[in-house]
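J.: generate coordinates for the sequence data below:
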Amino acid sequence: MTTMLMIGTRKGLWLAFSDDRADWKVTGPHFPMEEVYSVLLDRRDGTPRLLVGCSSSWFGPQVRRSDDLGETWTETPNGAIRFAEDTGQALARVWQLVPGVDDGVVWAGTEPGAVFRSTDRGETFELVRGLWDHPHRTEWNEGFGGQAFHTILPHPTDGDRVLAAISTGGVYRTEDGGSSWQASNTGVKAEFMPGERFYPEFGQCVHKVARDSGDPERLFLQNHGGVYRSDDGGASWTDIAPGLPTEFGFAMVAHPSRSGTAYTFPIADAGARWPVDGRARVWRTDDAGASWTELGGGSLPDEYYAAVMRDAMCADDENPAGLYFGGRNGVVWGSADEGESWQQVAADLPDVMVVRASTI
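T.: Numbering: from 1, shown residues only. Take a look at the predicted model:
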């Protein structure tokens, strides 16, 4: 069995392969000087399809695809994702690419903030009008990195149920395949809001949401300020930050097979966007957020001043699970023992925006 890592950076895509998760062969760059914020290896329908959300300052954004693990690439003429003329918007970046429940369905999250849906495995996409026409949309603002739907979580057994999150706007859910959406931020704070709007209906700066592998109604959320768990599919949220060194961070990853286990990479705060005390550490909960354990001491650096972004941390689906993260210093770390020990996978890359893992 081979593990494949897809590493998207501000200046291209790198692919890494390993048969033992210890020795890695790294290839690239693919799409030099293009921003890569989203990657997906879709293993459905027999032939694995690699989808990459690229953005070129010369040619604009494009979803490229490969059916031979990156040996050759195809793109849709004029771009796979485009805003309709009546929206008055132009696509800036593709922040998220995730498989749906139904065959051929792929969801995409974009900047400006919108969700698109494909029924042909990512060759073409249509704007999800139910969310685009939501009355809250005109009041969504931009996070520091832009206004983007960076999280899309289809329910694993019900293709009509999807959760999406945007910075800044918060969490939204649909139960009818995208025709209608409701804000789902009860209990999540927006510390930058004044007075009585500290816990608003919407407007939160959500950084990442992950779904529990064993209980699809349980979700873990890393906010601009705060870490939360939901046990009702996102209808309400409970604070689980106590035990962590800080409430701030970007990444949140659920264990691929162990319910109640999730990982985050705490960042000091919005003003100092590096780990607390400059020590690179991953933190894990095994009890759905009741307690947290620090991981990586002895194998991760104690002088580390790079941020790990919301999609730059992931897990593979092997046993034991592998964990991976990449920093904006261009270094990618991997663990083959669920975060207990770490080694470098790649170094000296451009700043890393997304890391995804899959077995092939």
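
J.: which residue comes closest to the residue nearest the centre of the chain once chain neighbours are left out?
T.: Nearest to the geometric centre of the chain sits residue 311, at 3.6 Å (CA atoms, centre = their mean). Closest residue to residue 311 apart from its sequence neighbours, by CB to CB, 6 or more residues apart in numbering: residue 354 at 4.1 Å. The way it works is simple: take the backbone N, C-alpha and C, and place the C-beta from them, glycine included.

J.: tell me the contacts of that neighbour?
T.: Shown in contact with residue 354 (CB atoms under 8 Å, 6 or more residues apart in numbering): 6, 7, 8, 36, 37, 38, 39, 309, 311, 312.

J.: rewinding a little: phi, psi for the residue nearest to the centre of the chain please.
T.: Main-chain dihedrals, residue 311, degrees, to the nearest 10: phi -110, psi 10.

J.: contacting residues around residue 16?
T.: By CB under 8 Å, 6+ apart, residue 16 lies in contact with 4, 5, 7, 24, 25, 26, 27, 332, 345, 346.

J.: now the last one. Its backbone dihedrals?
T.: In other words, residue 346. Residue torsions, per degrees, to the nearest 10, at residue 346 are phi -150, psi 150.

J.: any idea what it is bridged to?
T.: Assessed by DSSP bridges, residue 346 has beta-bridge partners residue 332.

J.: count of neighbours near it?
T.: Burial of residue 346 is recorded as 20 neighbouring residues (other CB atoms under 10 Å).

J.: surely it meets residue 331?
T.: Yes. Under the criterion of CB atoms under 8 Å, residue 346 is in contact with residue 331, at a separation of 7.1 Å.

J.: the residue nearest to residue 311 belongs to a helix?
T.: No. Using DSSP: H, G, I helix; E, B strand; the rest coil, the secondary structure at residue 354 is strand, not a helix.

J.: re the thing from before, can you pick the most crowded of the contacts of residue 16?
T.: Counting neighbours by other CB under 10 Å, residue 7 comes out on top of the contacts of residue 16 with 29 neighbours.

J.: which of the contacts of residue 354 sits closest to residue 280?
T.: Lowest distance from residue 280 to the contacts of residue 354 (CB to CB) belongs to residue 312, with 12.5 Å.

J.: which ones are touching that closest one?
T.: Residue 312 touches 250, 251, 325, 326, 327, 352, 353, 354, 355, counting by CB under 8 Å, 6+ apart.

J.: filter those residues to the buried ones?
T.: When those are checked for burial by 16 or more other CB atoms under 10 Å, the buried set is 250, 251, 325, 326, 327, 352, 353, 354, 355.

J.: so what's residue 63 bridging to?
T.: residue 53.

J.: shouldn't residue 309 be in contact with residue 251?
T.: Yes. The pair residue 309 and residue 251 qualifies as a contact (CB under 8 Å) at a distance of 7.2 Å.

J.: sketch out the low-pLDDT regions of the stretch 101-250 of the chain for me.
T.: 194-197 (pLDDT under 70).

J.: helices of that one, start to end?
T.: Counting by DSSP state H, counting those that start in this stretch, the stretch 101-250 of the chain has helices at residues 129-132.

J.: residues near residue 149, how many?
T.: 27.

J.: how about it: what's its closest non-neighbour residue?
T.: Residue 149's closest residue in space is residue 109 (CB to CB, 6+ apart), at 3.2 Å.

J.: number of nearby residues for residue 261?
T.: Neighbour tally, residue 261, other CB under 10 Å: 22.

J.: report the contact partners of it.
T.: 254, 255, 284, 285, 286.

J.: of these, closest to residue 316?
T.: For the contacts of residue 261, the residue nearest residue 316 by CB to CB is residue 255; the value is 10.9 Å.

J.: got the contact list for the closest one?
T.: With contact set as CB under 8 Å, 6+ apart, residue 255 has these partners: 213, 261, 262, 263, 315, 321, 338.

J.: from residue 219, how far out is it?
T.: Taking CB to CB, to the nearest Å as the measure, residue 255 falls 14 Å from residue 219.
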